[in-house]
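Visitor: Dropping a prediction and its sequence here:
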Amino acid sequence: MWKKQLLFLCLAGLALWAAAGGEALPADAAAELPAEVKYIALTFDDGPRRDTTEKLLDGLRERGASATFFLVGEEIAGSEDLVERMAAEGHQVGNHTWSHVRLGGAVPETAAQEIRMTEEALEELLGEGEYWLRPPYGFIDADMEVGVPMVKWSVDPRDWESRDTAQVVQAVLRDAGPNAIILLHDIYPSSVEAALQIVDALEREGYWFVTVEELLRLNGVTPEPGVMYRSGRG
Ligand code: NI
């Protein structure tokens with residue numbers, strides 16, 4: 001967790017600096033911030049799943065990496081402790097509908113219920129909060145009213161298709177850049193292994209793994225309800 005603490009120290013420093021008009025601190029204060037910080041977000045859909053998600057959480061904790069989990073409501077029963085652990089360990093927890101329905105073209109009442117049921121399950125476990133939505137398959141009707149920010153992605157290695165760790169790692173390292181939002185699924189052992197290899201490789205390149213909400217705020221983007229975000233730049 002030290003990386004995260006350092007990150008917030010930097011953020012607090014920046015906020016102080018900004019509040020002071022950027023002039024009150026000594027000239028070398030800015031130089032104490034990491035030279036070229038690159039931020040990136042890993043997102044995991046379709047879980048939680050006992051064996052794979054738990055291993056992923058262990059690996060992320062060892063590496064001081066944060067991630068965002070979009071959970072399928074009906075998968076939560078029996079894995080409540082994993083969901084609580086996600087939140088306790090600084091990950092962002094979001095909504096991926098109750099039964100992984102296609103929201104694009106869905107009957108509005110059904111779509112709303114699918115979102116609401118998972119929201120209620122998360123509120124019961126983690127308390128009142130804003131649980132961002134990732135629509136399954138990335139699509140939702142434009143006129144559907146959603147009360148939270150929505151998250152798509154900018155890097156998709158199609159891990160569900162290949163189920164091949166090396167191929168997934170290679171695809172992500174090829175396409176990833178600062179402020180990317182990477183789509184993975186923590187229900188496959190191959191994807192969990194790939195994710196941890198990706199964290200190791202990109203941390204060596206100076207990347208910090210943050211939640212989607214942190215990524216947006218680090219870019220000065222204020223997340224708004226009903227808006228779909230594809231990368232840290234918006
Ligand atoms: Ni999904």
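Guide: Looks like it arrived, so ask away. Numbering: from 1, shown residues only.
Visitor: separation between the spatially most central residue of the chain and the ion?
Guide: Taking C-alpha atoms, centre = their mean, the centroid of the chain lies closest to residue 68, which sits 2.5 Å from it. Distance of residue 68 to the ion, given as C-beta to the ion, to the nearest Å: 13 Å. No exception for glycine: its C-beta is placed from N, CA and C like everyone else's.
Visitor: count of neighbours near the residue lying closest to that residue once chain neighbours are set aside?
Guide: Counting by C-beta to C-beta, 6 or more residues apart in numbering, residue 92 is the residue found nearest to residue 68 once chain neighbours are left out, at 4.1 Å. Residue 92 is flanked by 23 other residues according to other C-beta atoms under 10 Å.
Visitor: pLDDT score for residue 92?
Guide: Looking at residue 92, its pLDDT is 98.
Visitor: Run through the bridge partners of the residue in the chain that the ion sits nearest to.
Guide: Nearest to the ion, among the residues of the chain, is residue 45, at 4.0 Å (C-beta to the ion). According to DSSP bridges, the residues that bridge with residue 45 are residue 70, residue 185.
Visitor: I'd guessed the residue nearest to residue 68 sits against residue 131; true?
Guide: No - in this structure residue 92 lies outside contact range of residue 131 using C-beta atoms under 8 Å: 9.0 Å.
Visitor: quick one: buried residues of the helix or strand containing residue 199?
Guide: Following DSSP states H and E, one finds residue 199 within helix 189-204. The neighbour-count check on helix 189-204 (16 or more other C-beta atoms under 10 Å) flags 190-199, 202-203 as buried.
Visitor: Paired strands for the helix or strand following it, with orientation please.
Guide: Later in the chain than helix 189-204, the nearest helix or strand by DSSP H and E is strand 207-209. Note on strand 207-209: by DSSP bridges, its sheet partners are strand 38-45 (parallel).
Visitor: Measure how the strand it pairs with sits relative to helix 189-204, angle-wise.
Guide: Put simply, strand 38-45 runs at 170 degrees to helix 189-204, going by axes from the mean of the first three to the mean of the last three C-alpha atoms, to 10 degrees.
Visitor: ok, then the element right after strand 38-45?
Guide: Downstream of strand 38-45, the next assigned helix or strand under DSSP H and E is helix 50-63.
Visitor: Please list the residues of the chain that sit near the ion.
Guide: Within reach of the ion by C-beta under 5 Å from the ion, the chain has these residues: 45-46, 136.
Visitor: can you pick the most crowded of those residues?
Guide: residue 45 (25 neighbours).
Visitor: which ones are touching it?
Guide: 70, 72, 96, 134, 136, 183-186 (C-beta atoms under 8 Å, 6 or more residues apart in numbering).
Visitor: export these to JSON lines and tack on pLDDT?
Guide: Output for the contacts of residue 45, formatted as JSON lines (pLDDT from 0 to 100):
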{"residue": "70", "pLDDT": "98"}
{"residue": "72", "pLDDT": "98"}
{"residue": "96", "pLDDT": "98"}
{"residue": "134", "pLDDT": "98"}
{"residue": "136", "pLDDT": "97"}
{"residue": "183", "pLDDT": "98"}
{"residue": "184", "pLDDT": "98"}
{"residue": "185", "pLDDT": "98"}
{"residue": "186", "pLDDT": "98"}
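Visitor: Turn the residues you listed into TSV, including distance to residue 218.
Guide: Output for the contacts of residue 45, formatted as TSV (distance: C-beta to C-beta, whole Å):
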residue	distance to residue 218
70	20
72	28
96	24
134	20
136	27
183	20
184	21
185	25
186	24
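Visitor: wait, which of the buried residues of helix 189-204 is closest to residue 171?
Guide: Within the buried residues of helix 189-204, the smallest distance to residue 171 is 9.1 Å, found for residue 194 (C-beta to C-beta).
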